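S.K.: quick one: sequence and predicted model below, then my questions.
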Amino acid sequence: MACPICKKPTNTELRPFCSKRCADVDLGKWLKGDYAIPAPDLEATDEPESGMRDARAAKPH
Ligand SMILES: [Zn+2]
């Protein structure tokens, strides 16, 4: 498997990336919206389910 960013061999600890830098590049793409992501409406405040969101946030991922 090759790094999706630079096509170098993948680092097994960082797969699918070859380096932390490429992982950051990929993350940056996501943050900038280079990938099409359906806008989640879950960020809206005053949701009745806000308690569930808090419970999820309390758990370390
Ligand atoms: Zn790479």
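M.R.: Cool, the structure landed. Numbering: from 1, shown residues only.

S.K.: distance of S19 from the ion?
M.R.: Distance, S19 to the ion, by C-beta to the ion, to the nearest Å: 5 Å. The C-beta positions use only the backbone N, C-alpha and C, and glycine is treated the same way.

S.K.: with P9 instead?
M.R.: Applying C-beta to the ion, the value for P9 to the ion is 9 Å.

S.K.: identify the residues contacting that residue.
M.R.: P9 makes contact with 2-3, 18, according to C-beta atoms under 8 Å, 6 or more residues apart in numbering.

S.K.: and of the residues you listed, the nearest to G33?
M.R.: Set against G33, the nearest of the contacts of P9 by C-beta to C-beta is C3 (21.6 Å).

S.K.: what is the neighbour count of that closest one?
M.R.: Close neighbours of C3, defined as other C-beta atoms under 10 Å, add up to 20.

S.K.: begin at 899, not 1, for the rest of this chat.
M.R.: Sure, I'll start numbering at 899, so the last one becomes C901.
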